[in-house]
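Peer 1: Predicted model, plus sequence, below.
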2 protein chains.
Amino acid sequence: MAVGTLSPVDQTPPAQWHGVPEFLALLAYGELAAYYRLAEDAALAPTLAGKAAIARMGAAQFQHFETLREALAARGADVFQEMTSFQPVLDMFHIRTTPSTWLEALVKFYVGEGLAADFYLEIADGLPPEVAAVVKDVLTDRAHAQFVVEPVRQSVLASPKERSRLALWARRLLGEAIAQAQTVLASREELADLLLRSSGNLNRIAQLFDEVTERHQERIRLLGLED
Amino acid sequence: MAVGTLSPVDQTPPAQWHGVPEFLALLAYGELAAYYRLAEDAALAPTLAGKAAIARMGAAQFQHFETLREALAARGADVFQEMTSFQPVLDMFHIRTTPSTWLEALVKFYVGEGLAADFYLEIADGLPPEVAAVVKDVLTDRAHAQFVVEPVRQSVLASPKERSRLALWARRLLGEAIAQAQTVLASREELADLLLRSSGNLNRIAQLFDEVTERHQERIRLLGLED
């Protein structure tokens, strides 16, 4: 049984560790799934330099996975056991957002990582400080994704058609990410609890989606994809 | 034009850098190709722990690629330009040795990395010392492949049929690796020169294949696959 799991009828205040293993495991599976998704998408890369840039992202993602695995192990939890239940919903996100061109793949790396970081950083505020520090380190290590910005900007400047195609794609990524986050929060009350704990505000979930959408728009502008 | 490349008719003694960019680029492409090959083979992994172990190998391989890329860059050579010509022969090796089961994949990771290290370490003796040190660091960093030994041993102890199937597979890997090495040495005389420079012995190439075969047999015994 997972450390700190409470049954649904338990009305005692959440312990410090309530929801934490689930949250770390969700992040860990996100990193591992992204590693393999990136490797598959790299088949779209037109050059070996593109393939190497993707492998660089993959290696960073694996390091994040290791950090999270160790944080769980240090607290007596097994990452493989904890993350199994998140596999279907995260795999579904990737199946529903399989890029068909290299530019779509680039936009997905950049926008997808940003969306995930925004969601997870909000929840991280409800974590015990020492766990929050680990999570923030992992989520803010995104320098390896910056290589995306210039090629996407140049392509959309050169082709209005590409621009509108990629703008639609980015909107679809946002929609799928929100749908996925809603599914996770609805099905795993420990995670919803963690989010509420960070704010003490019952409207927090609706606000979260507004904020994530706003930050998504900033990234979209940076890529030259604003409507 | 590649740094230090000599034309075939040039009879002057080889410069220190002769063959070195080609050799580093061959290694670099080997690491990148293995990264992507591993990611594909991980689809055969029966568990998330298996997938994570493969990603751990992949992350190590990417670090090796980076080390080699930097060693080339420090000498004014571009890894992407240099490695293009090795792509067909290394890709062909992987196409001809695509595993069809998880155990075949495990044996390939272990045996394939060992074979590559044996070949390349022999050639590395002909390198300028500071380059040899980089190459030896990369090639001897193989701890991440050790996870293969126990599951393979256990499977072949439990099933003589599996044992004879995997023994054939390992022999095929050896044959394909030697064929690939012969192709590379025959088509890139800078690399053959490097090998001869390390020994000063014209029979060196035949000896190399004998030694590589012998060390392959040791690995095969370790995996419980001896004939």
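Peer 2: Received, thanks. Residues are numbered from 1 along each chain as shown, chains lettered A, B, ... in the order given.
Peer 1: out of everything not next to it in sequence, what's closest to residue A:222?
Peer 2: residue A:149 (6.4 Å; CB to CB, 6 or more residues apart in numbering or on different chains). Backbone N, C-alpha and C define where each C-beta goes, glycine included.
Peer 1: which non-adjacent residue is nearest the most centrally placed residue in chain A?
Peer 2: For chain A, the residue nearest the mean C-alpha position is residue A:116 (2.4 Å; CA atoms, centre = their mean). Nearest non-adjacent residue to residue A:116, counting by CB to CB, 6+ apart: residue A:30, 6.0 Å away.
Peer 1: do residue A:184 as well
Peer 2: Nearest residue to residue A:184, sequence neighbours excluded (CB to CB, 6+ apart): residue A:89, at 5.8 Å.
Peer 1: How about residue A:110?
Peer 2: The shortest distance from residue A:110 to any non-neighbouring residue, by CB to CB, 6+ apart, is to residue A:148 (4.2 Å).
Peer 1: Tell me which residues touch that neighbour, please.
Peer 2: With contact set as CB atoms under 8 Å, 6 or more residues apart in numbering or on different chains, residue A:148 has these partners: A:106, A:107, A:109, A:110, A:223.
Peer 1: Report the contact partners of residue A:37.
Peer 2: When contacts are counted by CB under 8 Å, 6+ apart, residue A:37 touches residue A:94.
Peer 1: Where does chain A get nearest to chain B, residue-wise?
Peer 2: Among the residues of chain A, residue A:39 lies closest to chain B, at 3.3 Å counting by CB to the nearest CB.
Peer 1: So that residue is in contact with residue A:61, correct?
Peer 2: No - the pair residue A:39 / residue A:61 is not scored as a contact, 10.0 Å apart, by CB atoms under 8 Å.
Peer 1: contacts for stretch A:164-183?
Peer 2: When contacts are taken as CB under 8 Å, 6+ apart, the neighbours of stretch A:164-183 outside the stretch itself are A:89-90, A:92-93, A:96-97, A:99, A:103-104, A:107-108, A:111-112, A:115-116, A:119, A:152, A:155-156, A:209, A:212-213, A:216, A:220, A:223, A:225-227.
Peer 1: same thing but 7 Å
Peer 2: By CB atoms under 7 Å, 6 or more residues apart in numbering or on different chains, the list of residues contacting stretch A:164-183 from outside reads A:89, A:93, A:96-97, A:103-104, A:107-108, A:111-112, A:115, A:119, A:156, A:209, A:213, A:216, A:220, A:225, A:227.
Peer 1: Centre of the chain to the lengthiest helix in chain A, how far?
Peer 2: Secondary structure of chain A per DSSP state H: the longest helix is helix A:160-187. Averaging C-alpha positions (CA atoms, centre = their mean, to the nearest Å) puts helix A:160-187 12 Å from its chain's average.
Peer 1: Stretch A:141-159 now?
Peer 2: Using CA atoms, centre = their mean, we find the averaged C-alpha position of stretch A:141-159 to lie 19 Å away from the chain's own average C-alpha position.
Peer 1: now swap in stretch A:17-32 and tell me
Peer 2: When C-alpha coordinates are averaged (CA atoms, centre = their mean), stretch A:17-32 and its chain have centres 11 Å apart.
Peer 1: Spell out which parts of chain A neighbour chain B.
Peer 2: Chain A comes close to chain B at residues A:32, A:35-36, A:39, A:42, A:48-49, A:51-52, A:55-56, A:58-59, A:62-63, A:65, A:80, A:83-84, as judged by CB under 7 Å from any CB of the partner chain.
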